[in-house]
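Chemist: coords below, sequence missing:
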(Lines give C-alpha, C1' and ligand atoms only; values in the text may rest on other atoms or scores of the structure.)
Protein backbone atom coordinates (compact mmCIF):
# COMPACT_ATOMS: atom_id res chain seq x y z
CA UNK A 1 0.00 0.00 0.00
CA UNK A 2 2.72 2.48 0.96
CA UNK A 3 4.89 1.97 -2.12
CA UNK A 4 2.18 1.31 -4.72
CA UNK A 5 -0.41 3.91 -3.67
CA UNK A 6 0.84 6.38 -1.04
CA UNK A 7 4.19 7.20 -2.64
CA UNK A 8 2.86 7.92 -6.18
CA UNK A 9 0.07 10.09 -4.76
CA UNK A 10 2.43 12.01 -2.49
CA UNK A 11 4.90 12.62 -5.31
CA UNK A 12 2.19 13.93 -7.60
CA UNK A 13 0.39 16.10 -5.02
CA UNK A 14 3.58 17.52 -3.48
CA UNK A 15 4.01 21.17 -4.42
CA UNK A 16 0.34 21.88 -5.11
CA UNK A 17 -0.40 25.60 -4.73
CA UNK A 18 -0.36 26.92 -1.12
CA UNK A 19 0.38 23.48 0.36
CA UNK A 20 2.14 23.51 3.74
CA UNK A 21 2.63 19.79 4.41
CA UNK A 22 1.01 16.38 3.97
CA UNK A 23 0.62 13.27 6.11
CA UNK A 24 -0.48 9.78 5.08
CA UNK A 25 -1.66 6.76 7.05
CA UNK A 26 -2.55 3.22 5.98
CA UNK A 27 -5.07 1.02 7.76
CA UNK A 28 -5.21 -2.75 8.04
CA UNK A 29 -8.55 -2.69 6.20
CA UNK A 30 -6.71 -1.82 2.99
CA UNK A 31 -7.54 1.89 2.97
CA UNK A 32 -5.14 4.80 2.89
CA UNK A 33 -5.72 8.41 3.91
CA UNK A 34 -3.57 11.31 2.76
CA UNK A 35 -4.13 14.66 4.49
CA UNK A 36 -2.88 17.80 2.73
CA UNK A 37 -2.73 20.96 4.83
CA UNK A 38 -2.82 24.38 3.18
CA UNK A 39 -1.82 27.90 4.22
CA UNK A 40 -4.35 30.00 6.13
CA UNK A 41 -6.62 31.88 3.74
CA UNK A 42 -6.47 29.32 0.93
CA UNK A 43 -9.79 28.84 -0.88
CA UNK A 44 -10.82 25.29 0.18
CA UNK A 45 -12.88 24.72 -2.98
CA UNK A 46 -9.98 25.66 -5.25
CA UNK A 47 -7.57 23.60 -3.17
CA UNK A 48 -9.87 20.57 -3.55
CA UNK A 49 -9.94 21.05 -7.32
CA UNK A 50 -6.15 21.40 -7.50
CA UNK A 51 -5.55 18.23 -5.49
CA UNK A 52 -8.17 16.28 -7.45
CA UNK A 53 -6.55 17.30 -10.74
CA UNK A 54 -3.24 15.86 -9.58
CA UNK A 55 -4.91 12.69 -8.31
CA UNK A 56 -6.50 12.14 -11.71
CA UNK A 57 -3.09 12.45 -13.38
CA UNK A 58 -1.59 9.65 -11.32
CA UNK A 59 -4.70 7.45 -11.07
CA UNK A 60 -3.94 5.40 -14.27
CA UNK A 61 -0.61 4.31 -12.73
CA UNK A 62 -2.15 2.98 -9.51
CA UNK A 63 -3.14 -0.69 -8.96
CA UNK A 64 -6.26 -1.92 -10.81
CA UNK A 65 -8.22 -2.33 -7.57
CA UNK A 66 -7.59 1.33 -6.70
CA UNK A 67 -8.57 2.44 -10.20
CA UNK A 68 -11.82 0.46 -9.94
CA UNK A 69 -12.86 1.82 -6.54
CA UNK A 70 -11.45 5.30 -7.20
CA UNK A 71 -9.75 7.89 -5.03
CA UNK A 72 -12.01 10.36 -3.24
CA UNK A 73 -10.88 13.93 -2.54
CA UNK A 74 -12.75 15.72 0.26
CA UNK A 75 -12.22 19.08 1.90
CA UNK A 76 -12.35 19.42 5.65
CA UNK A 77 -11.67 22.05 8.30
CA UNK A 78 -9.21 21.57 11.14
CA UNK A 79 -11.92 22.92 13.46
CA UNK A 80 -14.49 20.66 15.08
CA UNK A 81 -17.95 21.62 13.87
CA UNK A 82 -20.08 19.41 16.10
CA UNK A 83 -19.77 16.81 18.83
CA UNK A 84 -22.43 14.08 19.00
CA UNK A 85 -22.50 12.03 22.20
CA UNK A 86 -24.35 8.69 22.49
CA UNK A 87 -25.03 7.78 26.11
CA UNK A 88 -27.11 5.09 27.77
CA UNK A 89 -28.24 6.22 31.22
CA UNK A 90 -29.64 2.77 32.06
CA UNK A 91 -26.26 1.07 31.62
CA UNK A 92 -27.81 -1.61 29.40
CA UNK A 93 -25.55 -0.85 26.42
CA UNK A 94 -21.77 -0.75 26.77
CA UNK A 95 -19.39 1.52 24.80
CA UNK A 96 -18.75 -1.17 22.16
CA UNK A 97 -22.48 -1.46 21.41
CA UNK A 98 -22.82 2.34 21.16
CA UNK A 99 -19.72 2.49 18.96
CA UNK A 100 -21.18 -0.11 16.58
CA UNK A 101 -24.55 1.66 16.58
CA UNK A 102 -22.81 4.87 15.48
CA UNK A 103 -20.95 3.02 12.71
CA UNK A 104 -24.14 1.40 11.37
CA UNK A 105 -26.72 4.14 11.88
CA UNK A 106 -25.01 7.53 12.17
CA UNK A 107 -21.77 7.69 10.18
CA UNK A 108 -23.22 7.07 6.71
CA UNK A 109 -25.95 9.66 7.19
CA UNK A 110 -23.39 12.26 8.22
CA UNK A 111 -21.15 11.46 5.25
CA UNK A 112 -24.09 11.72 2.85
CA UNK A 113 -24.74 15.16 4.33
CA UNK A 114 -21.22 16.20 3.30
CA UNK A 115 -19.20 15.66 6.49
CA UNK A 116 -15.71 14.65 5.35
CA UNK A 117 -14.05 13.57 8.59
CA UNK A 118 -15.73 11.81 11.52
CA UNK A 119 -13.94 10.71 14.68
CA UNK A 120 -15.43 8.15 17.07
CA UNK A 121 -14.26 7.72 20.64
CA UNK A 122 -15.67 5.95 23.70
CA UNK A 123 -13.08 7.50 26.04
CA UNK A 124 -14.51 10.14 28.36
CA UNK A 125 -11.29 12.18 28.45
CA UNK A 126 -11.22 12.47 24.67
CA UNK A 127 -14.91 13.39 24.55
CA UNK A 128 -14.28 16.13 27.14
CA UNK A 129 -11.34 17.33 25.07
CA UNK A 130 -13.53 17.56 21.95
CA UNK A 131 -16.22 19.43 23.88
CA UNK A 132 -13.60 21.89 25.14
CA UNK A 133 -12.44 22.56 21.58
CA UNK A 134 -16.01 23.30 20.48
CA UNK A 135 -16.30 25.80 23.34
CA UNK A 136 -13.05 27.47 22.30
CA UNK A 137 -14.43 27.94 18.80
CA UNK A 138 -17.46 29.67 20.27
CA UNK A 139 -15.31 31.93 22.44
CA UNK A 140 -12.80 32.76 19.68
CA UNK A 141 -14.14 36.23 18.84
CA UNK A 142 -14.36 37.14 22.51
CA UNK A 143 -10.77 36.06 23.19
CA UNK A 144 -9.38 37.83 20.12
CA UNK A 145 -11.17 41.08 20.98
CA UNK A 146 -10.07 40.94 24.61
CA UNK A 147 -6.43 40.51 23.57
CA UNK A 148 -6.72 43.33 21.03
CA UNK A 149 -7.79 45.57 23.91
CA UNK A 150 -4.94 44.25 26.06
CA UNK A 151 -2.35 44.99 23.37
CA UNK A 152 -3.67 48.55 23.04
CA UNK A 153 -3.18 48.94 26.80
CA UNK A 154 0.47 47.99 26.37
CA UNK A 155 0.84 50.40 23.45
CA UNK A 156 -0.42 53.20 25.69
CA UNK A 157 2.22 52.31 28.28
CA UNK A 158 4.97 52.24 25.63
CA UNK A 159 3.90 55.67 24.39
CA UNK A 160 4.04 57.03 27.95
CA UNK A 161 7.52 55.61 28.59
CA UNK A 162 8.85 56.99 25.29
CA UNK A 163 7.22 60.36 25.76
CA UNK A 164 5.18 59.89 22.58
CA UNK A 165 1.55 60.96 21.99
CA UNK A 166 -1.06 58.45 23.07
CA UNK A 167 -2.72 57.50 19.79
CA UNK A 168 -4.42 54.43 21.20
CA UNK A 169 -6.85 55.57 23.91
CA UNK A 170 -9.73 56.44 21.58
CA UNK A 171 -9.56 53.08 19.79
CA UNK A 172 -9.20 51.28 23.11
CA UNK A 173 -12.32 52.98 24.52
CA UNK A 174 -14.25 52.17 21.35
CA UNK A 175 -13.32 48.47 21.54
CA UNK A 176 -14.25 48.33 25.21
CA UNK A 177 -17.70 49.79 24.50
CA UNK A 178 -18.31 47.48 21.53
CA UNK A 179 -17.13 44.49 23.57
CA UNK A 180 -19.62 45.30 26.31
CA UNK A 181 -22.50 45.57 23.85
CA UNK A 182 -21.58 42.33 22.10
CA UNK A 183 -20.48 40.02 24.92
CA UNK A 184 -21.54 41.32 28.33
CA UNK A 185 -24.62 39.31 29.25
CA UNK A 186 -25.29 38.70 32.93
CA UNK A 187 -27.73 35.88 32.12
CA UNK A 188 -25.12 33.72 30.39
CA UNK A 189 -22.63 31.61 32.36
CA UNK A 190 -19.95 31.06 29.68
CA UNK A 191 -16.52 29.55 30.34
CA UNK A 192 -14.01 30.58 33.00
CA UNK A 193 -11.66 31.98 30.33
CA UNK A 194 -14.43 33.96 28.60
CA UNK A 195 -15.27 35.70 31.89
CA UNK A 196 -11.72 35.94 33.23
CA UNK A 197 -10.02 37.73 30.33
CA UNK A 198 -12.29 40.80 30.13
CA UNK A 199 -12.42 41.04 33.92
CA UNK A 200 -8.65 40.87 34.40
CA UNK A 201 -7.99 43.15 31.41
CA UNK A 202 -10.27 45.87 32.83
CA UNK A 203 -13.03 45.63 30.24
CA UNK A 204 -15.92 45.03 32.66
CA UNK A 205 -17.68 48.09 34.17
CA UNK A 206 -17.06 48.48 37.91
CA UNK A 207 -20.70 47.87 38.83
CA UNK A 208 -20.69 44.50 37.05
CA UNK A 209 -17.30 43.14 38.09
CA UNK A 210 -18.63 41.36 41.16
CA UNK A 211 -21.28 39.54 39.11
CA UNK A 212 -18.76 38.47 36.45
CA UNK A 213 -16.31 37.21 39.07
CA UNK A 214 -19.14 35.29 40.74
CA UNK A 215 -19.70 33.48 37.42
CA UNK A 216 -16.04 32.45 37.48
CA UNK A 217 -16.08 31.12 41.03
CA UNK A 218 -19.43 29.35 40.55
CA UNK A 219 -18.08 27.62 37.47
CA UNK A 220 -14.97 26.43 39.33
CA UNK A 221 -16.84 25.43 42.50
CA UNK A 222 -19.98 23.83 41.03
CA UNK A 223 -19.35 22.80 37.43
CA UNK A 224 -15.67 21.89 37.81
CA UNK A 225 -15.81 20.68 41.45
CA UNK A 226 -12.88 22.95 42.41
CA UNK A 227 -10.71 21.80 39.49
CA UNK A 228 -9.04 23.71 36.71
CA UNK A 229 -10.86 23.83 33.37
CA UNK A 230 -8.90 26.47 31.46
CA UNK A 231 -6.46 25.86 28.61
CA UNK A 232 -3.32 27.67 27.53
CA UNK A 233 -5.01 31.08 27.20
CA UNK A 234 -7.05 31.25 30.38
CA UNK A 235 -4.43 29.63 32.60
CA UNK A 236 -2.08 32.57 31.96
CA UNK A 237 -4.29 34.78 34.16
CA UNK A 238 -6.29 32.38 36.33
CA UNK A 239 -4.31 32.25 39.58
CA UNK A 240 -3.59 35.98 39.76
CA UNK A 241 -7.15 36.76 38.68
CA UNK A 242 -8.65 34.72 41.52
CA UNK A 243 -6.26 36.33 44.03
CA UNK A 244 -6.85 39.86 42.73
CA UNK A 245 -10.54 39.49 43.51
CA UNK A 246 -9.94 38.04 46.98
CA UNK A 247 -10.25 34.30 46.38
CA UNK A 248 -6.66 33.08 46.80
CA UNK A 249 -8.13 30.08 48.61
CA UNK A 250 -9.62 28.80 45.35
CA UNK A 251 -6.32 29.38 43.57
CA UNK A 252 -4.54 27.44 46.34
CA UNK A 253 -6.98 24.54 45.93
CA UNK A 254 -6.31 24.41 42.18
CA UNK A 255 -2.55 24.52 42.81
CA UNK A 256 -2.62 21.65 45.32
CA UNK A 257 -5.09 19.25 43.65
CA UNK A 258 -3.62 15.83 42.87
CA UNK A 259 -6.43 14.28 40.81
CA UNK A 260 -7.55 15.01 37.23
CA UNK A 261 -7.39 17.66 35.91
CA UNK A 262 -4.54 19.42 37.72
CA UNK A 263 -0.81 20.05 37.72
CA UNK A 264 -0.61 17.60 40.61
CA UNK A 265 -2.23 14.93 38.43
CA UNK A 266 0.73 15.26 36.05
CA UNK A 267 3.17 14.79 38.93
CA UNK A 268 1.23 11.81 40.28
CA UNK A 269 1.56 10.15 36.87
CA UNK A 270 5.31 10.59 36.60
CA UNK A 271 5.54 13.86 34.68
CA UNK A 272 8.78 15.82 35.10
CA UNK A 273 7.69 18.45 32.55
CA UNK A 274 4.32 20.07 31.86
CA UNK A 275 2.05 18.27 29.38
CA UNK A 276 0.21 19.98 26.55
CA UNK A 277 -3.11 18.53 27.72
CA UNK A 278 -4.44 17.90 31.20
CA UNK A 279 -5.00 14.25 30.19
CA UNK A 280 -1.55 13.95 28.64
CA UNK A 281 -1.10 10.40 29.92
CA UNK A 282 -4.11 9.12 27.97
CA UNK A 283 -4.45 11.55 25.05
CA UNK A 284 -3.46 10.88 21.45
CA UNK A 285 0.37 11.27 21.35
CA UNK A 286 0.07 12.95 17.94
CA UNK A 287 -1.38 16.07 19.51
CA UNK A 288 0.12 16.01 22.98
CA UNK A 289 3.55 17.47 23.70
CA UNK A 290 5.21 16.20 26.85
CA UNK A 291 7.05 19.49 27.41
CA UNK A 292 4.53 22.28 27.03
CA UNK A 293 5.41 25.02 29.48
CA UNK A 294 2.51 27.24 28.35
CA UNK A 295 0.02 25.13 30.30
CA UNK A 296 1.90 26.02 33.47
CA UNK A 297 0.20 29.39 33.03
CA UNK A 298 0.82 31.95 35.74
CA UNK A 299 1.39 29.35 38.48
CA UNK A 300 5.06 30.24 39.11
CA UNK A 301 4.32 33.96 38.89
CA UNK A 302 1.52 33.44 41.43
CA UNK A 303 3.89 31.55 43.75
CA UNK A 304 6.30 34.49 43.87
CA UNK A 305 3.99 37.50 43.61
CA UNK A 306 0.99 36.31 45.60
CA UNK A 307 2.08 33.50 47.92
CA UNK A 308 5.55 34.82 48.74
CA UNK A 309 4.60 38.47 48.17
CA UNK A 310 7.70 39.33 46.08
CA UNK A 311 6.34 41.56 43.33
CA UNK A 312 8.01 44.29 41.32
CA UNK A 313 6.19 47.62 41.52
CA UNK A 314 5.03 48.57 38.01
CA UNK A 315 5.75 52.20 38.85
CA UNK A 316 9.48 51.40 39.02
CA UNK A 317 11.85 49.31 36.87
CA UNK A 318 13.06 45.75 37.38
CA UNK A 319 12.47 45.26 41.13
CA UNK A 320 13.86 48.66 42.11
CA UNK A 321 10.71 48.92 44.23
CA UNK A 322 8.80 45.97 45.66
CA UNK A 323 5.22 45.38 46.69
CA UNK A 324 5.31 42.94 49.59
CA UNK A 325 1.76 41.64 49.96
CA UNK A 326 1.56 37.87 50.51
CA UNK A 327 -1.87 36.26 50.35
CA UNK A 328 -3.19 34.87 53.63
CA UNK A 329 -4.63 31.39 53.06
CA UNK A 330 -6.00 28.97 55.64
CA UNK A 331 -3.90 25.82 55.79
CA UNK A 332 -0.79 27.45 54.36
CA UNK A 333 1.45 28.10 57.34
CA UNK A 334 4.83 28.93 55.84
CA UNK A 335 6.36 30.22 52.60
CA UNK A 336 10.07 30.27 51.79
CA UNK A 337 11.09 32.09 48.62
CA UNK A 338 13.83 34.33 47.32
CA UNK A 339 14.59 36.26 44.15
CA UNK A 340 17.90 37.85 43.23
CA UNK A 341 17.45 41.01 41.20
CA UNK A 342 20.05 43.54 40.07
CA UNK A 343 19.38 45.35 43.34
CA UNK A 344 20.13 42.38 45.60
CA UNK A 345 18.43 39.36 47.14
CA UNK A 346 14.74 39.59 47.96
CA UNK A 347 13.63 36.98 50.50
CA UNK A 348 10.39 35.97 52.14
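Modeler: Done, it's in. A quick note: this is a predicted structure, and the numbers were derived from the prediction, not measured.
Chemist: break this structure into its domains for me.
Modeler: 1-75, 140-223, 224-348 (automatic domain parsing).
Chemist: among those, which is nearest residue 108?
Modeler: domain 1-75 (14.3 Å; C-beta to C-beta). (C-beta placed from N, C-alpha, C; glycine too.)
Chemist: what mean pLDDT does that closest one get?
Modeler: Averaging pLDDT along domain 1-75 yields 83.
Chemist: returning to that earlier point: among the domains of the chain, which is nearest residue 109?
Modeler: Nearest to residue 109, of all the domains of the chain, is domain 1-75, at 16.1 Å by C-beta to C-beta.
Chemist: OK, contacts around the nearest residue to residue 302 once chain neighbours are set aside?
Modeler: Spatial nearest neighbour of residue 302, chain neighbours left out: residue 239 (3.7 Å); criterion: C-beta to C-beta, 6 or more residues apart in numbering. By C-beta atoms under 8 Å, 6 or more residues apart in numbering, the residues touching residue 239 are 251, 254-255, 297-299, 301-302, 306.
Chemist: 7 Å - rerun?
Modeler: 251, 297-299, 302 (C-beta atoms under 7 Å, 6 or more residues apart in numbering).
Chemist: so can I have JSON lines of the domains of the chain showing distance to residue 104?
Modeler: JSON lines is the format used below for the domains of the chain (distance: least, C-beta to C-beta, whole Å):
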{"stretch": "domain 1-75", "distance to residue 104": "16"}
{"stretch": "domain 140-223", "distance to residue 104": "34"}
{"stretch": "domain 224-348", "distance to residue 104": "25"}
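Chemist: ok, back up a step: and the strand or helix carrying the residue nearest to residue 302, how far out from the chain's middle?
Modeler: Following DSSP states H and E, one finds residue 239 within helix 238-244. Put simply, helix 238-244 sits 19 Å off its chain's centre (C-alpha atoms, centre = their mean, to the nearest Å).
Chemist: what lies in contact with the following helix or strand past it?
Modeler: Toward the C-terminus, helix 238-244 is succeeded by helix 248-256 as the next helix or strand (DSSP H and E). Applying C-beta under 7 Å, 6+ apart, the external contacts of helix 248-256 come out as 217, 220, 226, 228, 239, 242-243, 262, 264, 299, 302, 306, 327, 329-330, 332.
Chemist: ditto for stretch 55-67
Modeler: 4-5, 8-9, 12, 71, 73.
Chemist: try 10 Å this time
Modeler: 1, 4-5, 8-13, 30, 32, 34, 70-73 (C-beta atoms under 10 Å, 6 or more residues apart in numbering).
Chemist: just the buried residues of it, please?
Modeler: Of the residues in stretch 55-67, those with enough neighbours to count as buried (16 or more other C-beta atoms under 10 Å) are 55, 58, 62, 66.
Chemist: ranges for the strands of the stretch 1-150 of the chain?
Modeler: Ranges of strands in the stretch 1-150 of the chain, per DSSP state E, counting those that start in this stretch, are 19-26, 32-38.
Chemist: ok, back up a step: report the buried residues of the helix holding residue 239.
Modeler: Using 16+ other C-beta under 10 Å as the test for burial, helix 238-244 gives 238-243.
Chemist: export those to JSON lines and tack on pLDDT?
Modeler: Shown next, in JSON lines, are those (pLDDT from 0 to 100):
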{"residue": "238", "pLDDT": "96"}
{"residue": "239", "pLDDT": "97"}
{"residue": "240", "pLDDT": "96"}
{"residue": "241", "pLDDT": "97"}
{"residue": "242", "pLDDT": "97"}
{"residue": "243", "pLDDT": "96"}
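Chemist: still on that earlier bit, select from the contacts of residue 239 every entry located in helices.
Modeler: In helices, defined here by DSSP state H, the members of the contacts of residue 239 are 251, 299, 302.
Chemist: ok, back up a step: tell me which of the strands of the stretch 1-150 of the chain lies nearest to residue 157.
Modeler: Going by C-beta to C-beta, the one of those nearest residue 157 is strand 19-26, 36.2 Å.
Chemist: and the residue nearest the centre of this protein?
Modeler: Geometric centre of the chain, nearest residue: residue 231, 4.7 Å, by C-alpha atoms, centre = their mean.
Chemist: so where's this structure uncertain?
Modeler: 1-2, 26-30, 77-85, 87-89, 107, 110-139, 186-189, 285-287 (pLDDT under 70).
Chemist: how about the helices of it, start to end?
Modeler: Listed in chain order, the helices of the chain (DSSP H) span 7-13, 44-58, 64-69, 95-105, 107-112, 124-162, 169-183, 192-200, 206-218, 232-235, 238-244, 248-256, 263-268, 299-302.
Chemist: wait, residue 192 touches residue 212, no?
Modeler: No - between residue 192 and residue 212 there is no contact under C-beta atoms under 10 Å: 11.0 Å.
Chemist: if you count what's nearby, which of these two comes out ahead?
Modeler: residue 192 (25 against 20; other C-beta atoms under 10 Å).
Chemist: tell me the contacts of the more buried one?
Modeler: 215-220, 223-224, 228-231, 234-235, 238, 241-242.
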